[in-house]
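A.B. asks: dropping the sequence and predicted coords here.
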Amino acid sequence: MNESKTIRSAFYGVTAAQGGSFLEDSGWMWLEGFGDPAKEYAALRDDVAVWDVSPLNKWDFRGPDALKGAQRLFSNDALGLEVGQVRYGAFLDADGLMVDDGTVFNTGLDDHCWVMTNGRDHDERFAEALQGLDVEFEWVTLSMPHLGVTGPRSREVVQTLTDEDLGSLRYFRFIPRPVEVAGVEVHLSRTGYGGELGYELFLTDPADAETLWNAVVGAGVTPIGTDAIEIARIEAGLIVTGYDYEPHERSPYDFNLDKMVRPDLGLGFAGQDALRDVAAHPPHRFVTLRYDADELPEYGAAVTKDGQEVGVLTSPTDSPRFGKIGLAVVETAHAAPGSTLDVAVGDENVSATVDGLPVYDPQKKRPRA
């Protein structure tokens, strides 16, 4: 893609001026970091960090059937969302295969809900799925740039910037009205990415981006980028389209999303019947692999047992806390913790051991704190 067509977020100017480096991916200039991934990772895990999450795709569904429309493609229970509640799940095709994954927010405001996805290319699918319903949709990503404030001290710091009572805001809930943070209007959500306590701040006016960024960083928050986030999300067992899966290739059960797939509720989402059949005996499971190698495997490296391919290493990393690890989809017969497999590294194979998923905070006590 030509750089002239690449989107720069509302935070690009201030983050570039403060030394940020960028990488073009999926039509956006993503903030990679500020030159010290180890420091940025430590801030996220042990203190508090902020990153620009603006390229996350956001859609406004509006009309009396907004939630019903979102439900037609969403594996989790969108219809049962309370006002101010968020749910994560998979967006599916008619065969029950994942097209994307993300969240649905029930704003409760004038029959609106927000749908947030990794990918942008959903216009035709949404239009087809919403036929016959009283609902319209609009891609609103550019008008909702947002920051993720993440880490054990995130509540403490964000609380200094707002008069809202963050202590009463539960996990995967948001305040269903605009509020002020650092004197600018945002939608404030207790959601995030990286396996820590965190908040997301969605601007209502992109012109306030520099003010919000400087206020958050000025409150003692370390700015970070995707280099640090990539390590954290692999430790936390979080998936990304284009890395862990391609559209129309995998079931949500391949990623252990069992609790986020609700065919039992009769919600009528795409692929519901197909997934009901898969649920009892998923052929693949998602695991963490530990391995000892001089270099990292490639994304998509083959996972084998006795020379036979039994899975794929979807996302590798070198973790400061866990060493060389990676997320992998493997056949269920080889998914038990302690199982030994091999991973392709260059022209060689190295031994790997199956570990639990995630390896970091498996009970998710930290984001729920």
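C.D. replies: That came in fine, so what should we check first? Numbering: from 1, shown residues only.

A.B. asks: flag the shaky bits of the stretch 201-350 of the chain, pLDDT-wise.
C.D. replies: The stretch 201-350 of the chain contains no residues with pLDDT under 70.

A.B. asks: can you map out the strands along it?
C.D. replies: 222-223, 284-291, 301-305, 308-319, 323-331, 340-345, 348-355 (DSSP state E, counting those that start in this stretch).

A.B. asks: I figured residue 321 hits residue 360, correct?
C.D. replies: Yes. If you go by Cβ atoms under 8 Å, residue 321 and residue 360 touch, sitting 7.3 Å apart. Any C-beta I mention is one placed from the backbone N, CA and C, and that applies to glycine too.

A.B. asks: tell me where the stretch 51-200 of the chain has strands.
C.D. replies: Going by DSSP E, counting those that start in this stretch, the stretch 51-200 of the chain shows strands at 57-62, 86-92, 98-106, 112-117, 136-139, 146-150, 179-181, 184-189, 198-203.

A.B. asks: quick one: average pLDDT of the shortest one?
C.D. replies: What that stands for is strand 179-181. Average pLDDT, strand 179-181: 98.

A.B. asks: could you do the first one as well?
C.D. replies: On average, the pLDDT along strand 57-62 is 97.

A.B. asks: in its sheet, what does it sit against?
C.D. replies: strand 112-117 (antiparallel), strand 136-139 (antiparallel) (DSSP bridges).

A.B. asks: can you put those strands in a markdown table and add mean pLDDT?
C.D. replies: Shown next, in a markdown table, are the strands paired with strand 57-62 (pLDDT from 0 to 100):
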| stretch | mean pLDDT |
| --- | --- |
| strand 112-117 | 96 |
| strand 136-139 | 97 |
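
A.B. asks: between those, which one is nearest to residue 158?
C.D. replies: Of all these, it is strand 112-117 that lies closest to residue 158, at 19.9 Å by Cβ to Cβ.

A.B. asks: ok, and what's touching that closest one?
C.D. replies: Residues outside strand 112-117 that contact it (Cβ atoms under 8 Å, 6 or more residues apart in numbering): 56-62, 66-67, 70, 74, 78, 81, 91, 100-107, 137, 140.

A.B. asks: return a ChimeraX selection command for the buried portion of the residues you listed.
C.D. replies: Buried residues among those (16 or more other Cβ atoms under 10 Å), as a ChimeraX selection:
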select :56,57,58,59,60,61,62,66,67,70,74,78,81,91,100,101,102,103,104,105,106,107,137
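
A.B. asks: run through the residues that contact the closest residue to residue 220 other than its chain neighbours.
C.D. replies: The shortest distance from residue 220 to any residue other than its chain neighbours is 6.5 Å, reached at residue 157 (Cβ to Cβ, 6 or more residues apart in numbering). Neighbouring residues of residue 157 by Cβ under 8 Å, 6+ apart: 48, 149, 216, 219, 220, 221.

A.B. asks: which of those count as buried?
C.D. replies: 48, 149, 216, 219, 221.

A.B. asks: residue 42: neighbouring residues, count only.
C.D. replies: Residue 42 is flanked by 17 other residues according to other Cβ atoms under 10 Å.

A.B. asks: pLDDT below threshold where in the stretch 51-200 of the chain?
C.D. replies: Using pLDDT under 70, the stretch 51-200 of the chain drops low at 110.

A.B. asks: about what we covered before: what's the overlap in contacts for residue 321 and residue 360?
C.D. replies: By Cβ under 8 Å, 6+ apart, the residues touching both residue 321 and residue 360 are residue 235.

A.B. asks: out of the two, which sits in the more crowded spot?
C.D. replies: Each of residue 321 and residue 360 has its neighbours counted (other Cβ under 10 Å); residue 360 has more, 23 against 11.

A.B. asks: and that one, what element?
C.D. replies: If you go by DSSP states H and E, residue 360 is not part of any helix or strand.

A.B. asks: most centrally placed residue in the protein?
C.D. replies: residue 193 (5.6 Å; Cα atoms, centre = their mean).

A.B. asks: surely residue 352 touches residue 343?
C.D. replies: Yes. Using Cβ under 8 Å as the test, residue 352 is close enough to residue 343 to be in contact (4.6 Å).

A.B. asks: overlap of the contact sets of those two?
C.D. replies: The contact lists of residue 352 and residue 343 share 289, 291, 303, where a contact means Cβ under 8 Å, 6+ apart.

A.B. asks: might one say that the residue nearest to the centre of the chain is in contact with residue 147?
C.D. replies: No. Residue 193 is beyond contact range of residue 147, at 11.7 Å (criterion: Cβ under 8 Å).

A.B. asks: give me the common contacts of the two.
C.D. replies: What both residue 193 and residue 147 touch, as defined by Cβ under 8 Å, 6+ apart, is the set residue 53.

A.B. asks: list the contacts of the residue sitting furthest away from the middle of the chain.
C.D. replies: Distance to the chain centre peaks in the chain at residue 306, reaching 34.2 Å (criterion: Cα atoms, centre = their mean). By Cβ under 8 Å, 6+ apart, no residues touch residue 306.
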